[in-house]
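Novice: Predicted model and sequence below, questions to follow.
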Amino acid sequence: MNNISIPTNKGISLLCLQNIIRIQSISNYSKIYFADKSHPLTVAKLLHWFEEQLPAEMFVRTHRTHLVNKDHIINVILSSQKMQLSNGEQIGISKRRKQWVKQRLCA
């Protein structure tokens, strides 16, 4: 699986999984951030929907609001519960998911 079809208000978008850096939950919407620097895409889907659709070996849930592509994680600092992504952003890791994230990233 290299692509995912996502229904948007303009039809269906076919997105390359390697181009997705992270997906952020915003209420009943999700915002998808891309590696190719294109504008983030906001869709009317819950983060849980993406978690079910995307390959678990490629994406990790770091927080109740973030789903991150493992290929775009540059650095993980467990002591401060943060991770740095390939686009320079820092994303928090929740206390509850800290150990789980550590296990998933070492797998």
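Specialist: Great, that's in hand. Note that this is a predicted model, so its numbers are computed, not measured.

Novice: CA only for contacts and neighbour counts going forward, please
Specialist: Fine.

Novice: What segments of the protein are strands?
Specialist: With DSSP state E, the ranges of strands along the chain come out as 3-8, 11-16, 20-26, 29-34, 41-43, 59-63, 66-69, 73-77, 82-85, 90-92.

Novice: so how far is the lengthiest helix in the chain from its chain's centroid?
Specialist: Across the chain, the longest stretch assigned as helix under DSSP state H is helix 98-106. Taking Cα atoms, centre = their mean, to the nearest Å, one finds helix 98-106 lying 15 Å from the centre of the chain it belongs to.

Novice: mind listing what L85 touches?
Specialist: Taking Cα atoms under 8 Å, 6 or more residues apart in numbering, we find L85 in contact with I21, H72, I73, I74, N75, I91.

Novice: For the third one, give me the pLDDT.
Specialist: Which is I73. With respect to pLDDT, I73 has a value of 93.

Novice: can you check the last one too?
Specialist: As predicted, I91 sits at a pLDDT of 93.

Novice: my read: it touches L78, true?
Specialist: No - taking contacts as Cα atoms under 8 Å, I91 lies outside contact range of L78: 11.6 Å.
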